[in-house]
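Asks: below are the sequence and a predicted model for it; my questions follow.
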Amino acid sequence: MDTHLETTARRRPSPPTVLLATTSPEPPPWALHRAWALAQALQGHLEILRVVTRTPRVGPLFPHFASAAALGDLEAFVESQHRLEEWVEEVLPGRLEPSALHVEEGRFIEEVIQAAVDLEAALVVLPSAEARHPKAVTGIARLTGAPVLVVRPLLGSGVVAATDLAYEGLPVVRKAADLVDRLRTSLVVVHNVPRLELEPGDDVLMASAAVAASDEGLVELYRRKLEASLTALSLEARPVVLHQVDAVDAILRTARRFEADLLVVGAPVASRLFHAATAERVIKATVRSVLVMPLS
């Protein structure tokens with residue numbers, strides 16, 4: 001029969017896991033420091049994954065060489081584990097146990113997805129060098145259901161969350177607000193109202209005048225909607241509504257204006273090419289850290 005203590009222990013949620021993934025034997029120290037700080041802010045623990053690229057195998061016609069290659073791979077694997085342990089101990093002395101350090105051989109994206117699923121990661125952190133292909137970042141977020149942070153050196157302070165009022169409940173903003181509360185920083189929420197593009201044959205002067213006349217009222221309308229949504233959700237944030245042709249430009253302008261350190265953008269799990277492309281373009285275009293939130 002289960003005791004009350006055993007039952008309570010099973011029901012108690014485990015601390016969230018932050019997974020820092022890299023291919024480098026010695027990633028930048030700031031990446032580890034920022035991942036550690038996030039794990040502490042989330043009251044969770046940090047796990048580190050280093051993925052070693054799989055080496056080609058020698059064919060079965062040369063069994064002697066195949067055995068030698070396998071032995072060399074094993075030695076390289078053990079050496080990778082030692083190097084990772086030494087690097088972590090140098091950067092964060094006494095903070096992480098060896099059991100939190102993992103070395104796997106294979107393709108980076110596949111190993112990160114597998115580790116995130118196995119560890120039930122609440123957050124995946126990728127140093128900027130691992131985010132050269134933004135589609136891979138949004139892919140990890142979609143396939144694991146975990147937010148993915150492309151982490152870069154600290155730049156400014158505060159968080160800018162890009163939202164779309166078409167999403168009921170502002171899921172990106174709610175996630176960003178929770179993180180902001182834990183980090184004890186400020187939140188700016190930006191929504192972009194796309195400008196209308198003129199069609200061939202339109203009277204440019206008349207259309208431009210009509211658009212200009214409606215701009216101010218349209219921005220004010222959406223600002224009130226955004227403020228009402230934030231109030232209804234009891235979220236403290238500074239609302240910003242822009243009227244740009246390009247949503248990415250609106251996000252980057254807001255980040256520069258408020259000197260934000262972190263941008264938060266959504267990536268729908270169901271395919272919505274516009275929103276996916278927006279997240280990927282933000283990752284590529286900015287020098288700031290970017291948190292990609294999977295949206296159902």
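Replies: The structure has been received and is ready for your questions. What you see is a predicted model, and the numbers here were worked out from it, not measured in a lab. Numbering: from 1, shown residues only.

Asks: can you give the strand pairings for the host helix or strand of Gly266, parallel or anti for each?
Replies: Here Gly266 sits within strand 262-268, counting by DSSP states H and E. For strand 262-268, the paired strands and their directions (DSSP bridges) read strand 159-162 (parallel), strand 289-295 (parallel).

Asks: for the last one, which positions count as buried?
Replies: By 16 or more other CB atoms under 10 Å, the buried positions in strand 289-295 come out as 289-295. Where C-beta positions appear, they are placed from N, C-alpha and C, glycine not excepted.

Asks: dump these to a markdown table, plus pLDDT and distance to Glu105.
Replies: Shown next, in a markdown table, are these (pLDDT from 0 to 100; distance: CB to CB, whole Å):
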| residue | pLDDT | distance to Glu105 |
| --- | --- | --- |
| Ser289 | 98 | 29 |
| Val290 | 98 | 28 |
| Leu291 | 98 | 29 |
| Val292 | 97 | 26 |
| Met293 | 95 | 30 |
| Pro294 | 93 | 27 |
| Leu295 | 88 | 33 |
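
Asks: C-terminal to the helix or strand of the chain with the lowest mean pLDDT, what's the next element?
Replies: Lowest mean confidence among the helices and strands of the chain (mean pLDDT, DSSP states H and E): helix 4-11, at a mean of 46. Following helix 4-11 in sequence order, the next helix or strand is strand 17-22 (DSSP H and E).

Asks: quick one: list the elements packing against that following strand.
Replies: Counting contacts by 3 or more CB pairs under 8 Å, 6 or more residues apart in numbering; DSSP states H and E, strand 17-22 packs against helix 29-41, strand 45-52, helix 108-119, strand 121-127.

Asks: reformat these as CSV; add mean pLDDT.
Replies: Listed next are the helices and strands packed on strand 17-22 as CSV, based on pLDDT from 0 to 100:
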stretch, mean pLDDT
helix 29-41, 96
strand 45-52, 96
helix 108-119, 97
strand 121-127, 98
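
Asks: of those, which stretch is the most buried?
Replies: A comparison of those by mean neighbour count, using mean count of other CB atoms under 10 Å, puts strand 121-127 on top with a mean of 24.

Asks: give me the angle between that strand and strand 45-52.
Replies: Angle, strand 121-127 to strand 45-52, by axes from the mean of the first three to the mean of the last three CA atoms, to 10 degrees: 50 degrees.

Asks: quick one: low-confidence residue ranges for the stretch 51-200 of the chain.
Replies: 54-74, 196-200 (pLDDT under 70).

Asks: tell me where the stretch 101-250 of the chain has strands.
Replies: 101-105, 121-127, 148-151, 159-162, 187-192, 238-242 (DSSP state E, counting those that start in this stretch).

Asks: partner strands of the longest one, parallel or antiparallel?
Replies: Here strand 121-127 has these sheet partners by DSSP bridges: strand 17-22 (parallel), strand 148-151 (parallel).

Asks: can I get those in CSV including mean neighbour count?
Replies: Converted to CSV, the strands paired with strand 121-127 look like this (neighbours: other CB atoms under 10 Å):
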stretch, mean neighbour count
strand 17-22, 26
strand 148-151, 27
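
Asks: nearest to Asp215, out of the ones you listed?
Replies: For Asp215, the closest of the strands paired with strand 121-127 is strand 148-151, at 33.1 Å, according to CB to CB.

Asks: and the closest one, how far out from the chain's middle?
Replies: 4 Å (CA atoms, centre = their mean, to the nearest Å).

Asks: for stretch 92-102, same thing?
Replies: Counting by CA atoms, centre = their mean, stretch 92-102 comes out at 23 Å from the chain centroid.

Asks: ok, stretch 77-96 next?
Replies: For stretch 77-96 - counting by CA atoms, centre = their mean - the centre lies 24 Å from the chain centre.

Asks: please list the outside residues in contact with that stretch.
Replies: 25-27, 29, 32-33, 36, 46, 48, 50, 52, 98, 101, 103, 105 (CB atoms under 8 Å, 6 or more residues apart in numbering).

Asks: farthest-apart pair in those, please.
Replies: Between any two of these (CB to CB), the greatest distance is 26.9 Å, for His33 and Glu105.

Asks: circling back to that earlier point, out of the strands of the stretch 101-250 of the chain, the one nearest Ala267 is which?
Replies: Nearest to Ala267, of those and by CB to CB, is strand 148-151 at 8.4 Å.

Asks: quick revisit: redo the strands of the stretch 101-250 of the chain as JSON lines? Include distance to Leu20.
Replies: Formatted as JSON lines, these follow (distance: least, CB to CB, whole Å):
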{"stretch": "strand 101-105", "distance to Leu20": "10"}
{"stretch": "strand 121-127", "distance to Leu20": "5"}
{"stretch": "strand 148-151", "distance to Leu20": "8"}
{"stretch": "strand 159-162", "distance to Leu20": "20"}
{"stretch": "strand 187-192", "distance to Leu20": "24"}
{"stretch": "strand 238-242", "distance to Leu20": "31"}
